[in-house]
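Undergrad: predicted model, plus sequence, below.
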Amino acid sequence: MAEETKTVLPLAKGVVPTGKLHEMRKRALEDPEGFWSEIASELYWKKGWDKVVEGEPPYFKWFVGGKTNLAYNALDRHVKTWRKNKAAIIWEGEPGETRVLTYYQLWKEVNKFANVLRDLGVKKGDRVTIYMPMVPEAAIAMLATVRIGAIHSVVFSGFSAKGLAERINDAQAKVVITADGMYRRGKKLNLKEIVDKALQETPSVESVVVYNRLGLDINMEEGRDYWWNDLMEGAETYAEPEWVESEHPSFILYTSGTTGKPKGIIHDTAGYMVGVYATMKWVFDIKDEDIHWCTADVGWITGHSYVVYGPLLHGATTLMYEGAPDYPKPDRWWSIIEKYGVSIFCTAPTAIRMFMRYGEKWVERHDLSSLRILGSVGEPINPEAWWWYFKHIGKEKCPIVDTWWQTETGHIMISPAPGIELVPLKPGSATFPLPGVDADVVDDNGNPVPPNTRGYLVIKKPWPGMLHGVWGDPERYKRTYWSKFPGWYFTGDYAMKDEDGYFWILGRADDVIKVAGHRLGTMEIESAFVAHPAVAEAAVVGKPHPVKGESIVAFIVLKEGQQPSDELREELRKWIRETIGPVATPDEIHFVTKLPKTRSGKIMRRVLRAVISGKELGDLSTLEDEASVEEVKRAVAQLR
Ligand code: WTA
């Protein structure tokens with residue numbers, strides 16, 4: 001059998017499948033009350049819940065009647081035990097400095113910062129925007145926010161001033177927490193400048209807290225901007241946690257969808273907490289001795305659930321690294337694994353593919369024998385990358401947990417679960433839904449499709465970490481997730497199940513693309529293009545890319561009197577970086593005089609996708625003007 005499709009058996013010799021995983025999956029769906037109650041009882045509740053789950057699509061409540069606090073469970077619970085002096089966060093800065101915060105130290109910082117926020121007037125339910133580099137203070141800010149019952153909205157530091165302003169305004173944030181700057185590939189980036197620009201159009205913001213990371217000489221506006229350290233100096237050292245109702249929102253996280261505007265996904269407190277806690281145990285098999293390193297930025301859901309909350313809820317040690325993966329050399333990550341004895345490592349396929357290109361020699365310089373579990377997250381992992389990861393990083397000893405989930409799902413949904421029982425792995429398959437996840441693959445009418453047939457991935461029953469709406473837009477919540485298949489959650493992904501029931505995720509069924517693991521909406525990029533004075537129309541599609549998974553390709557129709565030129569192309573690229581952020585920088589920009597459209601005027605993106613990847617064009621009977629396709633073909637050929 002070709003290596004690509006070979007099944008990898010559970011790795012310990014002589015292991016016979018016990019069926020425990022499938023038994024647990026069955027029980028969780030048959031008896032959600034009993035199943036989730038047992039898990040939730042491992043956490044602290046100020047007031048116990050009356051019912052585990054209640055409601056009807058699209059709104060459900062978890063642990064109804066309960067009261068708890070996410071930060072209390074992540075910190076205070078451990079500070080009362082021997083874990084008080086255990087490392088909670090190990091941090092390495094890009095220039096190489098190390099900081100270790102024990103549970104006690106982290107707890108103290110969070111308490112103090114919670115008081116800082118209260119002193120700034122932040123109350124239960126208020127929104128706090130966090131725009132920070134990967135420093136422990138980002139986690140401190142998140143934990144302090146939920147400690148006082150406020151709601152955080154972390155915005156990835158790769159978003160521009162406009163992107164930040166849009167998110168601050170949508171959430172109506174009262175406070176923004178940021179840093180003077182951050183390191184990226186040895187360069188000092190000024191973050192505060194971006195924040196200052198954003199704040200010109202964000203009337204809701206009353207105060208800004210600035211963490212001094214670089215010692216930059218920045219603008220500090222009297223009465224609005226405060227240095228983190230100055231405020232912390234005067235802060236009381238204990239902050240009583242706000243005991244919030246189970247369904248109280250803990251955070252909003254903006255993500256891209258099919259329309260131009262990012263949507264604020266709302267997560268609750270108790271369901272999210274229990275779901276992240278359970279999956280941390282099942283998928284990563286987290287133990288007290290572990291050093292857990294998930295390379296995600298805190299600006300994404302993976303950073304929320306598996307850098308900050310998941311590990312801390314277990315009293316585990318989480319590692320944070322500030323900088324670029326291959327800086328100063330392509331062995332930076334492997335040197336970190338060796339230096340700290342990382343045992344669980346989780347990253348995105350795009351990073352694996354990048355390291356594959358650098359070659360094994362960079363890996364071989366380091367002793368990676370501390371590793372025991374490898375994770376993959378955020379996009380499909382191709383078998384080639386899977387095998388490289390398995391052989392060269394895991395030395396054929398570590399299972400790869402290919403984790404499928406979304407910002408909306410809060411925690412991992414489909415994945416191998418070595419913390420329960422490791423099933424034979426198939427490279428490229430996320431294996432089975434975790435206990436409590438009722439996933440299926442269906443056709444347009446909602447009927448399950450036969451094995452090895454593509455269909456839509458749906459979730460048929462509520463799960464603990466599920467989203468609880470789109471901030472300020474209940475209609476969009478219903479329309480996007482609950483109307484294609486009434487009563488079920490629509491994931492937006494294509495998938496199939498094979499003859500053994502394994503799930504294979506086949507990519508998005510909508511206009512969302514994944515570029516280097518970052519989720520972007522093509523319509524979001526299109527609306528940014530048409531906001532440029534020279535642009536009349538724009539169509540954006542994803543093109544398969546060997547490292548990034550997908551890259552951004554744009555087709556632009558210019559306004560009358562505008563001439564296509566390389567300068568304009570550069571200007572538009574810069575424009576996108578400024579309006580959305582560097583994450584959305586297009587790889588290719590093609591100028592055309594018309595876009596392929598249907599007779600009713602809809603852009604035929606599938607035709608554009610076919611042209612750029614040299615595939616069959618498919619059915620063109622609805623196309624309005626054939627010349628548009630010829631022009632697109634010519635433009636693509638010219639630029640290559
Ligand atoms: C994709 C990231 C294949 C999928 C946690 C999903 C994956 C979107 C996988 C969510 C995987 C995530 N295999 N595709 N293991 N994990 N995806 O919100 O298309 O940034 O819908 O959450 O990423 O992206 P998001």
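TA: In hand now; what should we look at?
Undergrad: hmm, E322 and P136 touching each other?
TA: No. Here P136 lies out of contact with E322, judged by CB atoms under 8 Å, at a distance of 9.8 Å. The C-beta positions use only the backbone N, C-alpha and C, and glycine is treated the same way.
Undergrad: shared neighbours, the two?
TA: Common neighbours of P136 and E322 (criterion: CB atoms under 8 Å, 6 or more residues apart in numbering): W91.
Undergrad: which residues of the stretch 151-300 of the chain lie near the ligand?
TA: Those residues of the stretch 151-300 of the chain that sit near the ligand, judged by CB under 6 Å from any ligand atom, are 255, 300.
Undergrad: now do the helices in the stretch 151-300 of the chain.
TA: If DSSP state H, counting those that start in this stretch is used as the criterion, the helices of the stretch 151-300 of the chain fall at 161-171, 191-199, 228-233, 270-284.
Undergrad: just these: most buried one?
TA: When the helices of the stretch 151-300 of the chain are scored by mean count of other CB atoms under 10 Å, the highest mean neighbour count falls to helix 270-284 (a mean of 27).
Undergrad: export the helices of the stretch 151-300 of the chain to CSV and tack on distance to V515 and mean pLDDT?
TA: Converted to CSV, the helices of the stretch 151-300 of the chain look like this (distance: least, CB to CB, whole Å; pLDDT from 0 to 100):
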stretch, distance to V515, mean pLDDT
helix 161-171, 15, 97
helix 191-199, 21, 98
helix 228-233, 32, 98
helix 270-284, 25, 98
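Undergrad: residues in contact with the nearest residue to L313 once chain neighbours are set aside?
TA: Nearest-residue entry for L313: Y277, 4.6 Å, with adjacent residues in sequence omitted and distances by CB to CB, 6 or more residues apart in numbering. For Y277, the contacting residues are 39, 42-43, 310, 313-314, by CB under 8 Å, 6+ apart.
Undergrad: which single residue in the stretch 151-300 of the chain comes nearest to the ligand?
TA: Of all residues in the stretch 151-300 of the chain, T255 sits closest to the ligand, at 5.2 Å by CB to the nearest ligand atom.
Undergrad: that residue pairs with what?
TA: As for beta bridges, T255 partners with K263 under DSSP bridges.
Undergrad: surely it meets G378?
TA: No. With contacts defined as CB under 8 Å, T255 does not count as touching G378, sitting 12.0 Å away.
Undergrad: out of those two, which sits in the busier spot?
TA: For T255 and G378, the more surrounded residue by other CB atoms under 10 Å is G378, and the numbers stand at 25 against 19.
Undergrad: thought the more buried one was touching I352?
TA: No. No contact is recorded between G378 and I352 when judged using CB under 8 Å, the distance being 11.2 Å.
Undergrad: spatially nearest residue to D326 (excluding sequence neighbours)?
TA: With CB to CB, 6+ apart as the measure, R332 is the residue that lies nearest to D326, at 6.1 Å, once sequence neighbours are left out.
Undergrad: so what does that neighbour look like in phi/psi?
TA: When quoted as degrees, to the nearest 10, the phi and psi of R332 stand at phi -60, psi -50.
Undergrad: what's the distance between it and the ligand?
TA: 23 Å (CB to the nearest ligand atom, to the nearest Å).
Undergrad: then G125?
TA: The gap separating G125 from the ligand is 25 Å, by CB to the nearest ligand atom.
Undergrad: who's in contact with that residue?
TA: Contact criterion CB under 8 Å, 6+ apart gives 149-151, 248-249 as the residues in contact with G125.
Undergrad: what does E242 give?
TA: Here E242 is in contact with 69, 124, 147-149 (CB under 8 Å, 6+ apart).
Undergrad: buried subset of those residues as a PyMOL selection?
TA: Selecting just the buried residues from the contacts of E242 in PyMOL takes one command, with 16 or more other CB atoms under 10 Å as the test:
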select buried, resi 69+147+148+149
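Undergrad: and which of the contacts of E242 is nearest P464?
TA: N69 (16.7 Å; CB to CB).
Undergrad: my guess is that closest one contacts K46. True?
TA: Yes. Using CB under 8 Å as the test, N69 is close enough to K46 to be in contact (7.2 Å).
Undergrad: common neighbours of these two, please.
TA: Between them, N69 and K46 have W243 as joint contacts when contacts are counted by CB under 8 Å, 6+ apart.
Undergrad: which residues sit in contact with G507?
TA: G507 makes contact with 380, 493-494 under the criterion CB under 8 Å, 6+ apart.
Undergrad: before we move on, back to that, got JSON lines for the contacts of G125, with pLDDT and distance to C398 too?
TA: Conversion of the contacts of G125 to JSON lines gives the following (pLDDT from 0 to 100; distance: CB to CB, whole Å):
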{"residue": "G149", "pLDDT": "98", "distance to C398": "40"}
{"residue": "A150", "pLDDT": "99", "distance to C398": "39"}
{"residue": "I151", "pLDDT": "99", "distance to C398": "37"}
{"residue": "H248", "pLDDT": "98", "distance to C398": "38"}
{"residue": "P249", "pLDDT": "98", "distance to C398": "36"}
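Undergrad: give me the subset of those residues lying in strands.
TA: When DSSP state E is applied, the contacts of G125 are split such that I151 fall in strands.
Undergrad: list just the nearest of the contacts of G125 to Q563.
TA: Nearest to Q563 among the contacts of G125 is I151, at 48.1 Å by CB to CB.
Undergrad: does the closest one have beta-bridge partners, and which?
TA: Judged by DSSP bridges, the bridge partners of I151 are R127.
Undergrad: how about low-confidence regions in the protein?
TA: Within the chain, the ranges that satisfy pLDDT under 70 run 1-7, 9-16.
Undergrad: what residue of it is the furthest out?
TA: Summary for the chain: using CA atoms, centre = their mean, the residue whose C-alpha lies farthest from the chain's mean C-alpha position is G561, with a distance of 42.0 Å.
Undergrad: quick check, it in a strand?
TA: No. Remark: G561 does not belong to a strand; assigned using DSSP: H, G, I helix; E, B strand; the rest coil, it is coil.
Undergrad: contact partners of the top helix by length along the chain?
TA: In the chain, with assignment by DSSP state H, the single longest helix is helix 103-119. Counting by CB under 8 Å, 6+ apart, helix 103-119 makes contact with 71, 75-76, 78-79, 83-86, 88-89, 101, 128, 136, 139-141, 143-145, 147-148, 150, 175, 209, 231-232, 235-239, 315, all of which sit outside it.
Undergrad: contacts only, for W243.
TA: Remark: with contacts taken as CB under 8 Å, 6+ apart, W243 is in contact with 46-47, 67-69.
Undergrad: out of those residues, which are buried?
TA: Under a neighbour-count criterion of 16+ other CB under 10 Å, the subset of these counted as buried comprises 67-69.
Undergrad: need those in JSON lines with secondary structure, can you?
TA: Listed next are the buried ones among the contacts of W243 as JSON lines, based on three-state DSSP:
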{"residue": "K67", "secondary structure": "strand"}
{"residue": "T68", "secondary structure": "strand"}
{"residue": "N69", "secondary structure": "coil"}
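Undergrad: at which residues are the strands of the stretch 201-350 of the chain located?
TA: Assignment of strands within the stretch 201-350 of the chain using DSSP state E, counting those that start in this stretch yields the ranges 207-211, 225-227, 244-245, 251-255, 263-267, 291-294, 317-321, 344-347.
Undergrad: show me which residues of stretch 567-578 are buried.
TA: When burial is assessed from 16+ other CB under 10 Å, stretch 567-578 yields the following buried residues: 568-569, 572-573, 575-578.
Undergrad: no, scratch that, I was asking about stretch 607-619
TA: If you call a residue buried by 16+ other CB under 10 Å, then stretch 607-619 has these buried ones: 607-612.
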